[in-house]
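Novice: Here's a sequence, model it:
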Amino acid sequence: MENISEQISDIRKEWGDRLLILAHHYQRSAVVKHADESGDSLELARKASQYEKAERIVFCGVKFMAESADVLSGADQAVYMPEMGAGCPMADMATAEHMESAIQYLNQVVTNWRPIVYVNSSAEVKACCGKHGGSTCTSSNAERIFKWAIDQGDRILFLPDEHLGVNSAHDLGISDDEIALYDPEKENGGLSEEEVKAAKVIVWKGFCIVHQAFTVAHVSKVRELLPEAKIIVHPESPKEVVRVCDAHGSTAQIIDYVKNSPDGSTIIIGTELNLIQRLADQEKGRVIVKALVPSICANMAKTNEANLLHTLQAWPEHQVVKVATDIAADARASLETMLSL
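Specialist: The predicted model follows:
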């Protein structure tokens with residue numbers, strides 16, 4: 001009897017280029033090894049739109065990623081998730097209804113607001129963004145998308161991650177005094193008209209559980225124990241943490257940082273543990289890679305070899321991710337704006 005890994009390999013060979021398996025970097029290595037493409041959100045969004053021969057796309061990640069793959073893929077392609085319960089708490093912190101209310105209020109005060117939505121969001125939120133002429137972004141290109149909006153004379157409403165929004169604005173020289181926090185649980189986001197007028201960027205009150213875990217105290221402890229180490233964190237980390245580290249960057253940028261570090265370096269990383277462990281294995285003997293503190297995405301961990309195999313064998317109808325046509329059109333507009341930039 002073949003083991004699970006061998007059975008998955010056999011099915012992949014049988015399907016050939018009619019099957020595309022995508023895996024996010026935060027997946028366990030046992031899953032990533034079966035992927036045709038692995039990457040961060042931006043890479044996988046691009047790949048989903050490029051493999052035209054693939055009849056079926058299996059997305060090993062969380063739901064908002066599979067939705068983006070469905071939006072960007074062809075009408076004759078079907079997108080599956082091995083575990084439909086793999087969601088994203090941060091994506092759930094913003095709804096299209098709340099976003100629409102925010103846009104209406106802000107435009108009553110000042111009219112030049114451009115929504116920018118992190119790809120870690122629902123298809124409905126992306127659609128609201130597209131409907132209002134905005135763009136999605138990833139942690140890799142957030143600064144570029146922010147600059148695009150600013151160069152047009154726009155103010156930015158960014159959601160759903162407060163920290164990525166603040167850090168991206170700060171990277172462009174926007175001060176904390178010009179950034180305001182919109183709380184969807186409060187009337188008008190808890191912002192007065194004066195606060196809206198003073199803001200160049202308004203960020204949504206949302207966060208990633210994985211990256212919210214990192215603190216200044218963790219960084220200070222590393223500085224004490226390993227003064228020679230370089231520390232890099234993901235920009236979904238709180239601004240106080242980002243500003244005391246040596247560098248910050250997206251998943252892809254963290255990987256490049258490690259690969260481009262001099263031999264013998266010690267690199268401490270603040271992001272999801274599966275990626276860090278994989279980098280540590282890949283760079284073993286050249287550089288030392290360690291986690292700032294272990295932090296795991298429980299939703300990413302819901303995908304495993306067993307449910308991947310089940311999907312490839314049974315192709316369950318309930319595991320197909322399909323975005324409604326009307327929502328997909330506006331969501332595609334916001335995604336394509338990002339990809340064009």
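Novice: can I see the domain layout of this structure?
Specialist: Per automatic domain parsing, the structural domains of the chain span 4-86+300-330, 91-209, 214-291.
Novice: residue ranges with poor pLDDT in this structure?
Specialist: The model of the chain has pLDDT under 70 over residues 1.
Novice: just to revisit the earlier point, among the domains of the chain, which comes closest to Ser340?
Specialist: domain 91-209 (8.8 Å; C-beta to C-beta). C-beta here means a position set from N, CA and C on the backbone, and glycine is covered the same way.
Novice: now the end-to-end length of that closest one.
Specialist: This stretch, domain 91-209, spans 11 Å end to end (C-alpha to C-alpha, to the nearest Å).
Novice: Repeat that for stretch 84-102.
Specialist: End to end - C-alpha to C-alpha - stretch 84-102 spans 30 Å.
Novice: List the buried residues of it.
Specialist: Neighbour-count burial for stretch 84-102 flags 84, 86, 88-91, 93-96, 98-99, 102 (criterion: 16 or more other C-beta atoms under 10 Å).
Novice: Any idea how many residues pack against Glu37?
Specialist: Number of residues near Glu37 (other C-beta atoms under 10 Å) recorded here: 15.
Novice: what's the answer for His163, then?
Specialist: 23.
Novice: Go through the domains of the chain and pick out the most buried.
Specialist: Here the criterion is mean neighbour count by mean count of other C-beta atoms under 10 Å, and of the domains of the chain the winner is domain 91-209, at a mean of 20.
Novice: Need the residue closest to the centroid of this structure.
Specialist: Nearest to the mean C-alpha position of the chain, by C-alpha atoms, centre = their mean, lies Asn120 at 4.7 Å.
Novice: unless I'm mixing things up, that residue is touching Pro89, no?
Specialist: No - with contacts defined as C-beta atoms under 8 Å, Asn120 does not count as touching Pro89, sitting 9.9 Å away.
Novice: between these two, what contacts are shared?
Specialist: Common contacts of Asn120 and Pro89, defined by C-beta atoms under 8 Å, 6 or more residues apart in numbering, comprise Cys208.
Novice: which residue ranges form the strands in the stretch 1-150 of the chain?
Specialist: In the stretch 1-150 of the chain, the segments counted as strands under DSSP state E, counting those that start in this stretch are 19-24, 37-39, 56-60, 78-80, 113-118, 135-137.
Novice: Dump these into JSON lines; add distance to Glu283 as well.
Specialist: Shown next, in JSON lines, are these (distance: least, C-beta to C-beta, whole Å):
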{"stretch": "strand 19-24", "distance to Glu283": "20"}
{"stretch": "strand 37-39", "distance to Glu283": "17"}
{"stretch": "strand 56-60", "distance to Glu283": "23"}
{"stretch": "strand 78-80", "distance to Glu283": "33"}
{"stretch": "strand 113-118", "distance to Glu283": "29"}
{"stretch": "strand 135-137", "distance to Glu283": "29"}
